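> with the input below, show me the fold.
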Amino acid sequence: MLELALALLILGLLIVITVASMYDHQSRKSKRQVVHRLQEVSDWLHSQKASQGGFVGILPVDWSTGPADMTYTITLAKQPVTASNPKEVFPALGQETFTLQALPQEPDDCGALLLDQSGRKGVTGQEANVADCWE
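Below you'll find the model as predicted:
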């Protein structure tokens, strides 16, 4: 009986570890997808500026979302955004500036991921580290 209880305990621990690992993998995959999408949208905005003389104020619908399993929505900041480091303020949309923000659809320690026209990266999560969130 003791051996059976021990075997069930070990099996339960393995299941918990596997589920946690799968969740972590999905979370990192989604974050990699949104980081890649932010770079694509930024490149598109820069090409629009080159052809039109300024940054456009509306993203095409297909640029604001990604694959079905990407759990973020990308928007242009209409007002300046303060990052987790209060000294970092990301600019609002203007002729020469923009800030893309990837807003998580589910709670995330990183908060929103931020990318401005110069390539500067940021996050809005209170205890978040830019390097960890943008891995």
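> how many residues are close by the nearest residue to G94 once chain neighbours are set aside?
Counting by Cβ to Cβ, 6 or more residues apart in numbering, G94 lies nearest to F55, which is 7.1 Å off, once chain neighbours are set aside. Glycine gets a C-beta too; all of them are placed from N, C-alpha and C. Counted with other Cβ atoms under 10 Å, the neighbours of F55 add up to 17.
> over to T82?
For T82, using other Cβ under 10 Å, the count is 13.
> any idea how far P91 is from it?
11 Å (Cβ to Cβ, to the nearest Å).
> which parts of the protein are strands?
72-76, 81-82, 89-90, 99-104, 113-116, 121-123 (DSSP state E).
> quick check: angle from the fourth one to strand 72-76?
Between strand 99-104 and strand 72-76, the angle comes out at 160 degrees (axes from the mean of the first three to the mean of the last three Cα atoms, to 10 degrees).
> just checking, what packs against strand 99-104?
When contacts are defined as 3 or more Cβ pairs under 8 Å, 6 or more residues apart in numbering; DSSP states H and E, strand 99-104 sits against helix 2-52, strand 72-76, strand 113-116.
> who does the shortest one touch, helix- and strand-wise?
Same thing as strand 113-116. Packed next to strand 113-116, using 3+ Cβ pairs under 8 Å, 6+ apart, are helix 2-52, strand 99-104, strand 121-123.
> contacts only, for the residue nearest to S30 when sequence neighbours are not counted.
Once flanking residues are discounted, S30 sits nearest to T71: 4.9 Å by Cβ to Cβ, 6+ apart. By Cβ atoms under 8 Å, 6 or more residues apart in numbering, the contact set of T71 is S30, P104, Q105, E106.
> just the pLDDT for the closest residue to the second one other than its chain neighbours.
So that's P104. Nearest non-adjacent residue to P104, counting by Cβ to Cβ, 6+ apart: Y72, 5.5 Å away. In this prediction, Y72 carries a pLDDT score of 86.
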